[in-house]
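here's my sequence, what's the structure:
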Amino acid sequence: MKIRTAATAALTLAAALTLAGCAGTTGPDSMPGMDHGNSSAMSAPDADFNDADVMFAQMMIPHHEQAVEMSDMILAKDGVDEGVITLAEDIKSAQQPEIDQLQEWLDGWGADSDTGSMGGMDHGGGVMSEDDMAALDSATGAEASRLFLEQMTMHHEGAIDMAQDEVDNGQNPDAIAMAQTIIDTQTAEIATMQELLAQL
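All right, here's what the predicted structure looks like:
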């Protein structure tokens, strides 16, 4: 009986450890390649993070929000190049979920999430001024397509720089993974935009 009892205890312990191991796989260190949309498994409040991670989230949220606003502007216009429409839809579908995830990380980290102002960014961050946005808003047809592509190229270049800073200096593995995704995706989109500009 003692042997059986010991074996049962060992099996129970092994099962408990296995379950604990499974539970641990939902932490931020275990799924760097996980889809950003599944935020519940990636936003543990006690996740490792540093100042660079917080800055990345705080700066990228309003940056992405402006890209979504620019995309909405171009999608509301008539006579816009079909390739530009597809690009704007792709930008919206990629960046809105990232905005939501970044906000959730800030909440989980207990960081200031009041990111409504981009006053700390200059044009080097690819941020459009009020005049830039007004020009895009009032443009029509082929001119609107051209302006959107030129402005969004600058915007993407700024985002890539910000994301590279996070890859180089960040600590949170999920934030770094998102930053790398931004670099890869937006680099490819810049190439697409250059092709579209050449065709206009």
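
where does this structure dip in pLDDT?
1-47, 114-124 (pLDDT under 70).

let's check: the centremost residue of it is which one?
E98 (3.6 Å; C-alpha atoms, centre = their mean).

check the secondary structure at it for me.
Following DSSP: H, G, I helix; E, B strand; the rest coil, E98 is assigned to helix.

list the contacts of it.
Residues in contact with E98 (C-beta atoms under 8 Å, 6 or more residues apart in numbering) are H36, M60, H64, M178, I182. Bear in mind the C-beta positions are built from the backbone N, C-alpha and C, glycine included.

what of I190?
I190 sits next to T153, H156, E157 when contact means C-beta under 8 Å, 6+ apart.

quick one, helices of this protein?
2-24, 51-75, 82-109, 130-138, 141-169, 173-199 (DSSP state H).

and the angle from the longest one to helix 173-199?
Regarding helix 141-169 and helix 173-199, their directions subtend 150 degrees when assessed with axes from the mean of the first three to the mean of the last three C-alpha atoms, to 10 degrees.

list the buried ones in helix 141-169?
For helix 141-169, burial by neighbour count (16 or more other C-beta atoms under 10 Å) applies to 144-149, 151-160, 162-163, 166-167.

how about the shortest one?
Using 16+ other C-beta under 10 Å as the test for burial, helix 130-138 gives D132, M133, L136.

contacts only, for the residue nearest to the first one when sequence neighbours are not counted.
Nearest in space to D132, with sequence neighbours left out and distances taken as C-beta to C-beta, 6 or more residues apart in numbering, is Q151 at 6.1 Å. Q151 makes contact with M70, M128, D132, L136, according to C-beta under 8 Å, 6+ apart.

mind checking how far Q151 is from W109?
According to C-beta to C-beta, to the nearest Å, Q151 stands 32 Å off from W109.

count the residues that sit near the closest residue to S113 other than its chain neighbours.
Of all residues not flanking S113 in the chain, L106 sits nearest, at 4.3 Å (C-beta to C-beta, 6+ apart). Using other C-beta atoms under 10 Å, the number of residues around L106 comes to 21.

still on that earlier bit, nearest to G83 among the contacts of Q151?
The closest of the contacts of Q151 to G83 turns out to be M70 (C-beta to C-beta; 15.8 Å).

what number of residues lie near that closest one?
A count of nearby residues for M70, using other C-beta under 10 Å, gives 23.

that one contacts L147, doesn't it?
No - counting by C-beta atoms under 8 Å, M70 stays clear of L147, with 9.7 Å between them.

any common contacting residues for these two?
Common contact partners of M70 and L147 (C-beta under 8 Å, 6+ apart): L136.

okay, now T140: neighbour count?
11.

next, it: phi, psi?
Main-chain torsions, T140, degrees, to the nearest 10: phi -130, psi 160.

what does S129 give?
S129 has phi and psi values of phi -80, psi 170 when expressed as degrees, to the nearest 10.

with just CA atoms, put stretch 88-107 into PDB.
Once non-C-alpha atoms are left out, stretch 88-107 reads as follows in PDB (Å, rounded to 0.1, in the frame of the first residue of the first chain):
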ATOM      1  CA  ALA A  88      -6.100  52.400 -46.400                       C
ATOM      2  CA  GLU A  89      -8.400  49.500 -45.400                       C
ATOM      3  CA  ASP A  90      -5.300  47.400 -44.600                       C
ATOM      4  CA  ILE A  91      -3.900  50.200 -42.400                       C
ATOM      5  CA  LYS A  92      -7.100  50.500 -40.500                       C
ATOM      6  CA  SER A  93      -7.500  46.700 -40.000                       C
ATOM      7  CA  ALA A  94      -3.900  46.400 -38.700                       C
ATOM      8  CA  GLN A  95      -3.600  49.500 -36.600                       C
ATOM      9  CA  GLN A  96      -6.900  49.700 -34.700                       C
ATOM     10  CA  PRO A  97      -6.300  46.300 -32.900                       C
ATOM     11  CA  GLU A  98      -2.800  47.500 -32.100                       C
ATOM     12  CA  ILE A  99      -4.200  50.700 -30.600                       C
ATOM     13  CA  ASP A 100      -6.500  48.600 -28.400                       C
ATOM     14  CA  GLN A 101      -3.600  46.300 -27.300                       C
ATOM     15  CA  LEU A 102      -1.300  49.200 -26.500                       C
ATOM     16  CA  GLN A 103      -3.900  50.800 -24.400                       C
ATOM     17  CA  GLU A 104      -4.500  47.500 -22.500                       C
ATOM     18  CA  TRP A 105      -0.800  47.200 -21.800                       C
ATOM     19  CA  LEU A 106      -0.700  50.700 -20.400                       C
ATOM     20  CA  ASP A 107      -3.600  49.900 -18.200                       C
END
